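Engineer: I'd like to go over a predicted model; first the sequence, then the structure.
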Amino acid sequence: MSLFDWFANRRKADPVQPDGRERDIADGLWTKCEACGVMAYTKDLKANQRVCLDCGHHHRVFSDERIQQLIDPETWVPLNAQLAPEDPLKFRDRKAYSDRIRDTQAKTHLPDAVQTGIGKLEGLPVALGVMDFRFMGGSMGSVVGEKLTRLIEQGTQEQIPVVIVCASGGARMQEGMLSLMQMAKISGALERHRAARLLYVPVLSHPTTGGVTASFAMLGDIIVAEPKATIAFAGRRVVEQTLREKLPDDFQTAEYLLNHGFVDAIIPRTQLKSTLAQLIRLHQPTPALATVS
């Protein structure tokens, strides 16, 4: 068969629409799994909390949808939603930091990389913070640190548990030392929360790295992670160069950290809400214990 005949047969097998345009799949109607390549109806994938129905791969979820997954309808009350970052160092790399902030805010419709608020999880009051990787890689700047600190302090004041869903590349270096200070500030608030004998559960999603891992992501009473989430401080290549040895293939995955005692449990996203509710119920003080304390 000649090349001309092959193309002619292709045209017969793939007829175009009457107006001459090739048939297209409606944008957003289908989603291709990053792991197994199977095409899933987006509506079905969303109903399964963006967990692949074929292989169980956990697609990335952003803050608005995560809040809907965890918080009971019509119970979410945002906290400090008006806080937005500034540019104290007048930092510039390939683009001015102030321009980068403005562009990212327009793209994500978020003031910064975390949403915080009070809501009910299966009827149980909880202080919830959800980081959003779309906003400069979920980096932790002054606003992220301030919002999480205020959230924890609100949880301590109201005597309710705190849950933070982590998704971050680490500290926001465009803010220099101010970004690193947030690690100590959040950790101090968590210590006061712990001293009040209240529960804190970090949920480590993909990815959780850098200064976030080095601080509040690893300070939980119970640390849970999503399957196959990347959890690390430094990058794999940096660690290999420092140790001068080859690392295991599953290094810096949730499963590796579970086996080595850094994570307490790996919870599939479809079971996360019910598991968190169970943990909160188990750690609520009974009236008798509350009277004794």
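Structural biologist: Yes, it's here.
Engineer: Scan the chain for its longest helix.
Structural biologist: Longest helix in the chain, counting residues (DSSP state H): helix 177-195.
Engineer: and that one, what's its mean pLDDT?
Structural biologist: For helix 177-195, mean pLDDT rounds to 97.
Engineer: Give me the helices and strands touching whatever helix or strand comes next after that helix, please.
Structural biologist: Counting by DSSP states H and E, the next helix or strand C-terminal to helix 177-195 is strand 200-208. Applying 3 or more CB pairs under 8 Å, 6 or more residues apart in numbering; DSSP states H and E, one finds that strand 200-208 makes contact with strand 162-168, helix 177-195, strand 224-225, helix 272-283. Using the backbone N, CA and C atoms, a C-beta is placed for each residue, glycine as well.
Engineer: And the third one, how far out from the chain middle?
Structural biologist: Read it as strand 224-225. Distance of strand 224-225 from the chain centroid (CA atoms, centre = their mean, to the nearest Å) equals 11 Å.
Engineer: Could you pull out the helices in the stretch 1-150 of the chain for me?
Structural biologist: Applying DSSP state H, counting those that start in this stretch to the stretch 1-150 of the chain gives helices spanning 3-13, 42-47, 63-70, 97-108, 142-158.
Engineer: highest average neighbour count across those helices?
Structural biologist: Stretch with highest mean neighbour count among the helices of the stretch 1-150 of the chain: helix 142-158 (a mean of 21; mean count of other CB atoms under 10 Å).
Engineer: Could you give the separation between the terminal residues of stretch 255-267?
Structural biologist: End-to-end distance for stretch 255-267: 11 Å, by CA to CA, to the nearest Å.
Engineer: make that stretch 52-71, sorry
Structural biologist: 22 Å.
Engineer: pLDDT averaged over it, what's the number?
Structural biologist: For stretch 52-71, the mean confidence score works out to 96.
Engineer: Same check on stretch 200-214?
Structural biologist: 97.
Engineer: Of the helices and strands packed on strand 200-208, which is nearest residue 89?
Structural biologist: helix 177-195 (7.8 Å; CB to CB).
Engineer: Can you dump the C-alpha atoms of the closest one in CSV for me?
Structural biologist: Extracted in CSV, the C-alpha atoms of helix 177-195 (Å, rounded to 0.1, in the frame of the first residue of the first chain):
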residue,chain,number,x,y,z
MET,A,177,13.6,35.7,56.7
LEU,A,178,10.0,36.7,57.1
SER,A,179,8.8,33.5,55.5
LEU,A,180,11.1,31.4,57.7
MET,A,181,9.8,33.1,60.8
GLN,A,182,6.4,31.6,60.1
MET,A,183,7.7,28.1,61.0
ALA,A,184,8.4,29.2,64.6
LYS,A,185,5.2,31.2,64.9
ILE,A,186,2.9,28.4,63.8
SER,A,187,4.9,25.9,65.9
GLY,A,188,4.4,28.1,69.0
ALA,A,189,0.7,28.3,68.4
LEU,A,190,0.5,24.5,68.1
GLU,A,191,2.4,24.1,71.4
ARG,A,192,-0.2,26.2,73.2
HIS,A,193,-2.9,24.2,71.5
ARG,A,194,-1.2,21.0,72.7
ALA,A,195,-0.8,22.4,76.2
